[in-house]
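Visitor: Sequence plus predicted model, see below.
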Protein chains: 4
Amino acid sequence: MTTTPAPASAGPVDAGLVEDLVAASRILAAEGVLDGYGHVSMRHPANPERYLMSRSLAPALVTADDIMELDLESNPVDGRGRTMFRERFIHGMIYRARPDVMAVVHSHSPAVIPFGITTVTLRPTFHMAGFLYQEPPVFEIRDVAGWTNMLITSNELGAALANTLGDNSVALMRGHGNVVVGPTLPITVFRAIYTEVNARLQTTAIALGGPVNYLSPEEGDIITNKEPGDVGRAWDLWKRKAMGM
Amino acid sequence: MTTTPAPASAGPVDAGLVEDLVAASRILAAEGVLDGYGHVSMRHPANPERYLMSRSLAPALVTADDIMELDLESNPVDGRGRTMFRERFIHGMIYRARPDVMAVVHSHSPAVIPFGITTVTLRPTFHMAGFLYQEPPVFEIRDVAGWTNMLITSNELGAALANTLGDNSVALMRGHGNVVVGPTLPITVFRAIYTEVNARLQTTAIALGGPVNYLSPEEGDIITNKEPGDVGRAWDLWKRKAMGM
Amino acid sequence: MTTTPAPASAGPVDAGLVEDLVAASRILAAEGVLDGYGHVSMRHPANPERYLMSRSLAPALVTADDIMELDLESNPVDGRGRTMFRERFIHGMIYRARPDVMAVVHSHSPAVIPFGITTVTLRPTFHMAGFLYQEPPVFEIRDVAGWTNMLITSNELGAALANTLGDNSVALMRGHGNVVVGPTLPITVFRAIYTEVNARLQTTAIALGGPVNYLSPEEGDIITNKEPGDVGRAWDLWKRKAMGM
Amino acid sequence: MTTTPAPASAGPVDAGLVEDLVAASRILAAEGVLDGYGHVSMRHPANPERYLMSRSLAPALVTADDIMELDLESNPVDGRGRTMFRERFIHGMIYRARPDVMAVVHSHSPAVIPFGITTVTLRPTFHMAGFLYQEPPVFEIRDVAGWTNMLITSNELGAALANTLGDNSVALMRGHGNVVVGPTLPITVFRAIYTEVNARLQTTAIALGGPVNYLSPEEGDIITNKEPGDVGRAWDLWKRKAMGM
């Protein structure tokens, strides 16, 4: 068996950006989107063919030293024998398919999972979740690979998931979790958190009975694309809490 | 473009009152009514044409130095380039329409939002929420402004919301959140918290099935207007917890 | 207006018992049964015609110095101008009606309130709540006093509530909360906590649909009266947590 | 009455393993699977006829000094008058019936109890709970012993429960709680925690309405037996949190 040489590095990354990626991981754990599993990554600022992600570790425990650089086929630039997330292919294949995406979250966000295993579509209940206006598609791994362990453990499966995601901000994964993408790391974290919050609100609204008056696609589009809100205010708060600042 | 001169100040405010406003912001965050967004204000004690409110900041992070003075059109007395809440017009226009109101809370109180997007009216399930006896109206921004980003970003929209609020203690905002008003800052904070608690109780009661035996309007009126309860006992507790006292 | 002389004291109470009453108050707050309101009392160990209870104060803030002695008509032995709970008559009248009761909790226990305003009876879902086997009655203040502020602010109302309670361990109060009684302070605290837990479990079981297989009255009777469980194990844990030990 | 001699010890146990058992107890308390009640045990590493378990104590308070050694009839090797869990027979009889089982958890895991008292079967909603693919049976103590205090207080009752468990990973106990077993202590703790999480997700999915698309038995089998996931990542996180590391 031949050994493929490791991909070249896109160069060092500003320490503040790495700290933001560490913060993102801890924020998502602190806010209940991630538990011991799941991961967040960001595209390398200097080269769109590389991305940054922790070695395999519980998200609440990630530090700057754990951040690795990978190419879009999820080969490490400098593996040093470190264990990587088995589902890193989610990230690489989404970065390949979506040049506009600068960060990716994969989670088992608990309130969202029921929407991937019922016939109810996740829809935006309030303006904080306006980015759901496209109505997230559901990825069914059975359609691609039959009976599996449910995990995205190859570039083929990652590409299939990226294909289902299309140009959406969120895709659900049946019996597994979801992926969230965005144009910046804070926006992506924001979306992952409010996807979870929205799922809770939608579940309650459905339990109250009767028709639910969701945000219209027009309203969601304005909020998401034309007049985006102030993500920084929440990001600062989450970062302080998660980093013990 | 001409520059309107800044409105005159109503004068310094007692430090204890400013501390109460800071506490109110942190209490509402600690009790889960506010997250990184939303705000609380109080009318200036010396001049009903002025109100006090934090600059744009996550509610849990507000300090006395962040409190600004605004007129009822939400122009700052002493802006100094500080970013203000985009939805401050909610506050100014309610103070203008409601001389009896001394404090306003705007939140995305999570349990309440479903009541703004379904046909179920929020009603008082227990005496702590007796102030809901008027059955909060729902503000529909579509009726006033068509497709929007859902935010109250002008005095016109603020006035429309104040009009929907009428003489109620609470108004829901479809797909957005709610506003709560009251005759004192502690009572307003109390109402904001028990609006959230009541929404949870009402959701559960509806889930149990069958008719729900709500507080009667007569009971709500007695509790709210004739024999009000002891808000101070809870205020003291909330303040100690939120301020780390 | 003549002044009634204060009732005589039944004498000093062991500091350990007073500490247990303080702990009970803080435990019920820490476990979410009480918030800023509600109260717990114990009968005086030396005289069944007296009981011990905090002055009016948020339960999480009670200390030994706040404990007062009252007679069964809820007159203080040594008032010293301290504000007392407006609903202390709940306690006095239950102690009068129920010689077997040594402690009383009055709360707005949130998961329980929906059972007082719907037609669903609170019933035991698991052995920890076996004491609910008698199926708690619901006190309707309207039947006794018409439109009110919902509070038990007199001995007459307290006696009416005690009459509804009968020989039960728990009575619900429509649109208000509940009362829990027991033969010891720890058992009463235990019952107050597991009444809340049971309400959550019953709500979930009903949401799952279909008939619910509750504990039988025979099982509840065995657990409550014939082979009671080990309350001390939980009491020790709760006390450590609530008292920061 | 004759005294049976205490069973012989299987010898000292590595301190790291004892610490893991202490951690397991505290993890299950910290994660909300256990409250003041319930217990976790592990089979003795040197002798399958012995197991290790705390003396009777709230799980959050267990230390290494509290761990006792018992034989499979739940007689202590070195009792020293310590109070033992009344339901230790659950553990001994499962170890006897299931040579593959190395650890046992008995809990009143709150979200799971409703599934033991309704006609809804607990089924896996996501891959983290794939081990539920066998659909946990429900133990009905009435069928074995008529009206009881619901507790497994003898080897006869323990054997009946072990018989219901069969070769499953989980068995529910009607009106009481559940038992979870596994091939290692961390896997068993993992299963106990995700049984609780899965119960919440399934309850929500059912509340959303319509058919639920559960993991297939084939998917559950792959996840559980053929390609098991990385339990260590969560175990490390839980242990750090529970042990204050």
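Guide: Cool, the structure landed. On a predicted model such as this, the values are computed, not experimentally measured, just so you know. Residues are numbered from 1 along each chain as shown, chains lettered A, B, ... in the order given.
Visitor: ranges for the strands of chain A?
Guide: Ranges of strands within chain A are A:39-43, A:50-54, A:67-71, A:103-107, A:138-139, A:170-173, A:177-182, based on DSSP state E.
Visitor: helices or strands up against the second one?
Guide: Just to be clear, that refers to strand A:50-54. In terms of contacts (3 or more C-beta pairs under 8 Å, 6 or more residues apart in numbering or on different chains; DSSP states H and E), strand A:50-54 is packed against helix A:15-30, strand A:39-43, strand A:67-71, helix A:89-97. For glycine as for every other residue, the C-beta is placed from the backbone atoms N, C-alpha and C.
Visitor: Mind checking if the last one is in reach of chain D?
Guide: No: in terms of C-beta under 8 Å from any C-beta of the partner chain, no part of helix A:89-97 sits within range of chain D; the closest distance is 14.0 Å.
Visitor: Show me what that helix is packed up against.
Guide: Under the contact criterion of 3+ C-beta pairs under 8 Å, 6+ apart, helix A:89-97 touches strand A:39-43, strand A:50-54, strand A:67-71, strand A:103-107, helix A:155-165, strand A:177-182.
Visitor: Buried by neighbour count: which residues of it qualify?
Guide: By 16 or more other C-beta atoms under 10 Å in any protein chain shown, the buried positions in helix A:89-97 come out as A:89-97.
Visitor: what's the neighbour count on the residue in chain A positioned nearest to chain B?
Guide: Per C-beta to the nearest C-beta, A:Ala234 is where chain A lies closest to chain B, at 3.1 Å. If you count neighbours by other C-beta atoms under 10 Å in any protein chain shown, A:Ala234 ends up with 22.
Visitor: Please identify which of the buried residues of helix A:89-97 is nearest to chain D.
Guide: For the buried residues of helix A:89-97, the nearest to chain D is A:Ile90 (14.0 Å; C-beta to the nearest C-beta).
Visitor: residue contacts, that closest one?
Guide: Residues in contact with A:Ile90, defined by C-beta atoms under 8 Å, 6 or more residues apart in numbering or on different chains, are A:104, A:106, A:152, A:158, A:161, A:179.
Visitor: And the furthest pair within these?
Guide: Taking C-beta to C-beta as the measure, these span a maximum distance of 11.7 Å, between A:Val104 and A:Ile152.
Visitor: and the residue nearest to the spatial centre of chain A, what is it in contact with?
Guide: Closest residue to the average C-alpha location of chain A: A:Val105 at 1.6 Å, with C-alpha atoms, centre = their mean. The contact partners of A:Val105, by C-beta under 8 Å, 6+ apart, come to A:24, A:28, A:33, A:38-40, A:179-181, A:188-189, A:191-192.
Visitor: So for the residue of chain A found nearest chain D, what's the pLDDT?
Guide: For chain A, the nearest residue to chain D under the criterion C-beta to the nearest C-beta is A:Gly36, separated by 3.1 Å. Looking at A:Gly36, its pLDDT reads 95.
Visitor: isn't it right up against D:Ala234?
Guide: Yes: A:Gly36 sits in contact with D:Ala234 when judged by C-beta atoms under 8 Å, with a separation of 3.1 Å.
Visitor: Between the two, which contacts overlap?
Guide: Between them, A:Gly36 and D:Ala234 share these contacting residues under C-beta under 8 Å, 6+ apart: A:Ala58.
Visitor: and A:Pro48, how many neighbours?
Guide: Neighbours of A:Pro48 (other C-beta under 10 Å): 15.
Visitor: That one against A:Pro99, yeah?
Guide: Yes: contact criterion C-beta under 8 Å: A:Pro48 and A:Pro99 qualify, at 6.6 Å.
Visitor: at contact distance from chain D, anything in the top helix by length along chain A?
Guide: Ordering each helix of chain A by length in residues (DSSP state H) puts helix A:185-208 first. Yes: shown here: helix A:185-208 in contact with chain D (C-beta under 8 Å from any C-beta) through A:203, A:206-207.
Visitor: Tell me if that helix is near chain B.
Guide: Yes: remark: helix A:185-208 sits within contact range of chain B at A:197, A:200-201, A:204-205, A:207-208, by C-beta under 8 Å from any C-beta.
Visitor: For chain C, give me its nearest residue in chain A.
Guide: A:Ala207 (8.1 Å).
Visitor: residues contacting that residue?
Guide: B:203, B:206-207, D:207.
Visitor: Let's see that with 7 Å instead.
Guide: A:Ala207 is in contact with B:203, B:207, D:207, counting by C-beta atoms under 7 Å, 6 or more residues apart in numbering or on different chains.
Visitor: Brilliant, that's me finished.
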